[in-house]
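Novice: take a look and give me a structure for this.
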Amino acid sequence: MTLRLNADIGESYGPWTMGDDAALMPVIDMANIACGGHASDPITMRKTVRLALSHGVTLGAHPSYPDLLGFGRRPMAMPAAEIEAHVLAQIGALAAIIKAEGGVLSYVKPHGALYNTMIQKPEVMEAVMQAVSRFDGQLQLMILSTSLIEQHSERAAAHGITLIREAFADRRYTESGELDDRANPGAVYHEWDDIAAQVKRLATQGEVIARNGEALKIQADSLCVHGDNPASIRTAGAIRTLLEQAA
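Specialist: Next up is the predicted model:
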């Protein structure tokens with residue numbers, strides 16, 4: 001299976017529960033673990049790390065803008081130096097817990113608005129890459145694979161890091177390879193037939209059908225799935241089965 005499944009996970013906070021991590025973890029290959037910016041706390045991080053290690057899942061940090069109230073989905077006007085500092089702090093918090101549990105942090109995937117903004121604004125991309133490189137040059141950085149992925153790879157190489165190119169199973173793409181805005185009708189696929197068709201096309205042809213109806217080439221190493229409700233966890237399991245059949 002060439003596409004490894006990743007999911008945002010460990011996003012509970014205090015007494016507030018988000019998703020069913022125990023049910024989702026056996027399905028995925030890579031865990032994007034929230035580390036305090038948009039969700040999670042030290043207890044949740046430790047619990048999630050232990051769960052991931054028990055299933056042999058690769059550990060990744062999932063930093064965001066410092067936005068607990070908005071779940072990290074609101075863009076924030078922050079200088080590059082502040083973005084770098086917040087990303088460093090979140091990676092460091094999770095890395096400390098992973099080290100204490102005998103695991104290894106392998107990659108970083110920014111969350112929500114930070115993930116989207118870094119694709120649109122070079123200075124934000126630079127700040128995130130700088131943080132990852134300064135923390136540990138062995139870490140990989142997961143970003144959305146767009147038509148500019150080669151340029152992003154060159155920038156990453158200049159920082160001494162490599163990229164994990166990500167695609168999405170349940171999101172519609174724009175003509176430039178970015179994710180269609182969630183506010184637009186049809187931007188998120190809810191029907192299994194639509195999701196399955198995109199997964200099969202990605203796995204066998206390396207492309208998706210963009211918003212304008214044209215085929216768009218996508219270079220991807222990992223596929224994002226969701227698990228915030230029982231239906232999405234069943235969908236994630238079905239996606240894994242599709243990928244195994246296509247391999």
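Novice: only C-alpha atoms for contact and neighbour calcs from this point on.
Specialist: Will do.
Novice: tell me the secondary structure at the nearest residue in space to residue 37 that is not next to it in sequence.
Specialist: Nearest in space to residue 37, with sequence neighbours left out and distances taken as CA to CA, 6 or more residues apart in numbering, is residue 66 at 4.5 Å. Residue 66 falls in the coil class when you classify it by DSSP: H, G, I helix; E, B strand; the rest coil.
Novice: touching, residue 66 and residue 86? I think so.
Specialist: Yes - contact criterion CA atoms under 8 Å: residue 66 and residue 86 qualify, at 7.2 Å.
Novice: joint contacts of those two?
Specialist: With contacts taken as CA atoms under 8 Å, 6 or more residues apart in numbering, residue 66 and residue 86 have residue 37 as neighbours in common.
Novice: per-residue confidence for the residue nearest the centre of the chain?
Specialist: The residue lying closest to the centre of the chain (CA atoms, centre = their mean) is residue 109, at 4.8 Å. At residue 109, the pLDDT value in this model is 98.
Novice: so who does it touch?
Specialist: So residue 109 contacts 32, 60-63, 115, 141-143 (CA under 8 Å, 6+ apart).
Novice: now for the residue nearest to residue 37, how many residues are close by?
Specialist: Using other CA atoms under 10 Å, residue 66 has 20 neighbouring residues.
Novice: next one: it from residue 155, what distance?
Specialist: In this view, residue 66 and residue 155 are 25 Å apart by CA to CA, to the nearest Å.
Novice: now do residue 9
Specialist: As judged by CA to CA, residue 9 and residue 155 stand 28 Å apart.
Novice: for these two, indicate the residue with more neighbours.
Specialist: Neighbour count, other CA under 10 Å: between residue 9 and residue 155, residue 9 has more, with 30 against 18.
Novice: please name the nearest non-neighbouring residue to that one.
Specialist: Closest residue in space to residue 9, ignoring its immediate chain neighbours: residue 33 at 5.1 Å, by CA to CA, 6+ apart.
Novice: how about the helix or strand of the chain with the lowest mean pLDDT as CSV, C-alpha atoms only?
Specialist: Within the chain, confidence by mean pLDDT, DSSP states H and E is lowest for helix 230-246 among all helices and strands, at a mean of 90. Written as CSV, here are the backbone C-alpha positions of helix 230-246 (Å, rounded to 0.1, in the frame of the first residue of the first chain):
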residue,chain,number,x,y,z
PRO,A,230,-18.7,6.4,14.2
ALA,A,231,-19.6,6.9,10.6
SER,A,232,-16.2,8.5,9.7
ILE,A,233,-14.4,5.7,11.5
ARG,A,234,-16.2,3.1,9.4
THR,A,235,-15.3,5.1,6.3
ALA,A,236,-11.7,5.1,7.4
GLY,A,237,-11.7,1.3,7.7
ALA,A,238,-13.3,1.0,4.3
ILE,A,239,-10.7,3.3,2.8
ARG,A,240,-7.9,1.1,4.2
THR,A,241,-9.6,-1.9,2.5
LEU,A,242,-9.8,0.0,-0.8
LEU,A,243,-6.1,0.9,-0.6
GLU,A,244,-5.1,-2.7,0.2
GLN,A,245,-7.1,-4.0,-2.8
ALA,A,246,-5.5,-1.4,-5.1
